[in-house]
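1. what follows is a predicted structure for the sequence shown.
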Amino acid sequence: MSKSPLSGAFADSSATTKKKNKKNGAILLISGIALATSIGGVFAANSITIADVEFGQGVAGTLSCDSAIKTVLNQTYVTGTTFRVSSAEISEVDGCNGKDVVVSLVKADSSAATSTTLRVNSSSNWSATWTIPASPEINAADIKKITVTTK
């Protein structure tokens, strides 16, 4: 049986195509995993909740000009088992000099109980105490979190 002059050139073409398809499939699989991991990381970074302090979409717990701040909510005994919110302390703010920050007390239903705007007047280790007015009285048990955002 005689061979065609072109039969040698195309004899292994199906094997080469299979190897290329396997290589392309592996590259596609690795790319898909990398894409899914990076997208998952973005969504995780935008929705972190730690012990009633929420960071991310809708409520910001850190300032855009500072990566870590400290907040303390103080309360005063009123009667029986009732405590009212008396003040909020914001401290360890760095790199926000000249910016306005909005401090809000947020209820469990995500509505704001009260808020105020404070001006940062130091570039490092700025702190402030916001005295909450006694009237209307804000029950400390109603407050779920305190948020601090830049304006």
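-> Arrived safely, thanks for sending.
2. from here on, contacts and neighbour counts on C-alpha atoms
-> Noted.
3. where's residue 83 relative to residue 111, distance?
-> 20 Å (C-alpha to C-alpha, to the nearest Å).
4. in terms of neighbours, single out the busier of these two.
-> Per other C-alpha atoms under 10 Å, whichever of residue 83 and residue 111 has more neighbours is residue 83, with 17 against 12.
5. was I right about the more buried one contacting residue 139?
-> Yes - counting by C-alpha atoms under 8 Å, residue 139 is a contact partner of residue 83 at 6.0 Å.
6. distance between the ends of stretch 73-81?
-> 18 Å.
7. buried residues of it, list them for me.
-> 73-75 (16 or more other C-alpha atoms under 10 Å).
8. how is this structure divided into domains?
-> Split into domains by automatic domain parsing, the chain comes to 7-45, 51-150.
9. most tightly surrounded among those?
-> domain 51-150 (a mean of 16; mean count of other C-alpha atoms under 10 Å).
10. show me where this structure has helices.
-> Residue ranges of the helices in the chain, as given by DSSP state H, are 7-10, 13-45.
11. which of those helices comes out lowest on mean pLDDT?
-> Here the helices of the chain differ in mean pLDDT, and the lowest is helix 7-10 at a mean of 55.
12. okay, the buried residues of stretch 73-81 in CSV with distance to residue 135 and pLDDT next?
-> Output for the buried residues of stretch 73-81, formatted as CSV (distance: C-alpha to C-alpha, whole Å; pLDDT from 0 to 100):
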residue, distance to residue 135, pLDDT
73, 17, 89
74, 16, 91
75, 14, 90
